[in-house]
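Novice: predicted model and sequence follow; I will ask about them next.
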There are 2 protein chains.
Amino acid sequence: MIDYMEKAYSLAKKAYKKGEVPIGAVVVKDGKIISTGYNKREKSQNAIDHAEIIAIHRACKRLHSWRLDDCDIYVTLKPCPMCAGAISNARIRCCYYGADNQNDDNDIIEKIMGETKLFNHKTNLVYDKKSYCSEILTLFFKQKR
Amino acid sequence: MIDYMEKAYSLAKKAYKKGEVPIGAVVVKDGKIISTGYNKREKSQNAIDHAEIIAIHRACKRLHSWRLDDCDIYVTLKPCPMCAGAISNARIRCCYYGADNQNDDNDIIEKIMGETKLFNHKTNLVYDKKSYCSEILTLFFKQKR
């Protein structure tokens, strides 16, 4: 069986090698990976190009639908509000994240994922703690300093 | 002088004619419109394709930078969390919106725009109320029913 978080991590490593903040994401449906993405904001110089956005964009393209029903997303770091909003907008069923975001504030991500009336949809948010997901981020920011 | 909200509204009208939820956005820098966008989620079948995301993507491309310093965005409807996050990620200075979002909850958009520690940046959020921005939405949803 494929370990989806490990696959997301392998994408984060790709980002790392390119000097990007190492974050990776995969979208899974019916036990199959239907799309992948890794952060490429610096290369593309596009504020939108986070791992999750790229993976969702590709999943929509592949399924020819903006509704990613019965899809789950595995991401190495807890999503930012933009990506949490995108995950909810795409009606993704469950979001698994491997590292917590230490800057998180007021459970805003939890609210975006389902507690707010702004969305019709509720995405489950699951902390699937994997030390390798946080270690690569720590290493990246240590080297940047 | 160009009325930027009217320009955003003209983009919302384009979306309307194409059967899309009528929302438009423009990004302005130094008194000039540097990019535009309108919602095209149905046509593209991409959950990401909101007016603001498209306008931000194009502005980054035009300025060759993910940092939209000293840029403002004019959007016909108060942004959703995804777009609010994108606006903040792109470090946009000010977001003017022409219609309020009646589903808004817990000032979540205000939090995403600056009160949360998740972002280093604070975007000012200004309700520039224009009845034409809400009227076109009301008309659209009335016809959809």
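Specialist: Cool, the structure landed. Numbering: from 1, shown residues only, chains lettered A, B, ... in the order given.
Novice: mind listing what the residue nearest to A:Lys111 when sequence neighbours are not counted touches?
Specialist: Once flanking residues are discounted, A:Lys111 sits nearest to B:Ile108: 5.7 Å by C-beta to C-beta, 6 or more residues apart in numbering or on different chains. Placement of C-beta: from N, CA and C, glycine included. Shown in contact with B:Ile108 (C-beta atoms under 8 Å, 6 or more residues apart in numbering or on different chains): A:Ile108, A:Lys111, A:Ile112, A:Thr116, A:Leu118, B:Pro81.
Novice: ok, A:Ile53 next?
Specialist: Taking C-beta under 8 Å, 6+ apart, one finds A:Gly37, A:Met82, A:Cys83, A:Ala86, B:Ile48 in contact with A:Ile53.
Novice: quick one, phi/psi of A:Arg58?
Specialist: Per-residue torsions, A:Arg58: phi -70, psi -40 (degrees, to the nearest 10).
Novice: burial of the residue nearest to it when sequence neighbours are not counted, as a residue count?
Specialist: Computed as C-beta to C-beta, 6+ apart, the closest residue to A:Arg58 that is not its neighbour in sequence is A:Ser35, at 3.7 Å. By other C-beta atoms under 10 Å in any protein chain shown, 22 other residues sit near A:Ser35.
Novice: so A:Ser35 sits in a strand?
Specialist: Yes. Applying DSSP: H, G, I helix; E, B strand; the rest coil, one finds A:Ser35 inside a strand.
Novice: give me the distance between it and chain B.
Specialist: In this view, A:Ser35 and chain B are 12 Å apart by C-beta to the nearest C-beta, to the nearest Å.
Novice: show me where chain A has helices.
Specialist: Ranges of helices in chain A, per DSSP state H, are A:4-17, A:41-44, A:51-63, A:81-89, A:108-110, A:131-144.
Novice: worst-scoring helix or strand of chain A, pLDDT-wise?
Specialist: Across the helices and strands of chain A, mean confidence by mean pLDDT, DSSP states H and E is lowest for helix A:108-110: a mean of 90.
Novice: wait, doesn't A:Tyr25 sit right on A:Thr36?
Specialist: Small correction: residue A:25 is Ala, not Tyr. Yes. Applying C-beta atoms under 8 Å, one finds A:Ala25 in contact with A:Thr36, separated by 7.0 Å.
Novice: what touches both of those two?
Specialist: Both A:Ala25 and A:Thr36 are in contact with A:Ala8, A:Leu11, A:Ala55, where contact means C-beta under 8 Å, 6+ apart.
Novice: okay, those residues in a markdown table with distance to B:Arg62 and neighbour count next?
Specialist: What follows is the shared contacts of A:Ala25 and A:Thr36, written out as a markdown table (distance: C-beta to C-beta, whole Å; neighbours: other C-beta atoms under 10 Å in any protein chain shown):
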| residue | distance to B:Arg62 | neighbour count |
| --- | --- | --- |
| A:Ala8 | 32 | 32 |
| A:Leu11 | 28 | 24 |
| A:Ala55 | 25 | 31 |
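Novice: could I get the contacting residues of A:Lys32?
Specialist: Contact analysis of A:Lys32 by C-beta under 8 Å, 6+ apart lists nothing.
Novice: nope, A:Tyr38 is what I meant
Specialist: A:Tyr38 neighbours (C-beta under 8 Å, 6+ apart): A:Leu11, A:Ala12, A:Lys14, A:Ala15, A:Glu20, A:Pro22, A:Ile23, A:Gly24, A:Ala25, A:Ala51, A:Ile54.
Novice: quick revisit: ranking the helices of chain A by burial, who's on top?
Specialist: Sort these by mean neighbour count, taking mean count of other C-beta atoms under 10 Å in any protein chain shown, and helix A:81-89 sits at the top with a mean of 29.
Novice: output it as PDB, nothing but the C-alphas.
Specialist: Extracted as PDB, the C-alpha positions of helix A:81-89 are listed here (Å, rounded to 0.1, in the frame of the first residue of the first chain):
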ATOM      1  CA  PRO A  81      -5.800  30.000   5.100                       C
ATOM      2  CA  MET A  82      -5.600  30.300   1.300                       C
ATOM      3  CA  CYS A  83      -5.000  26.600   0.900                       C
ATOM      4  CA  ALA A  84      -7.500  25.700   3.600                       C
ATOM      5  CA  GLY A  85     -10.100  27.800   1.700                       C
ATOM      6  CA  ALA A  86      -9.100  26.100  -1.600                       C
ATOM      7  CA  ILE A  87      -9.500  22.600   0.000                       C
ATOM      8  CA  SER A  88     -12.900  23.500   1.300                       C
ATOM      9  CA  ASN A  89     -14.000  25.200  -2.000                       C
END
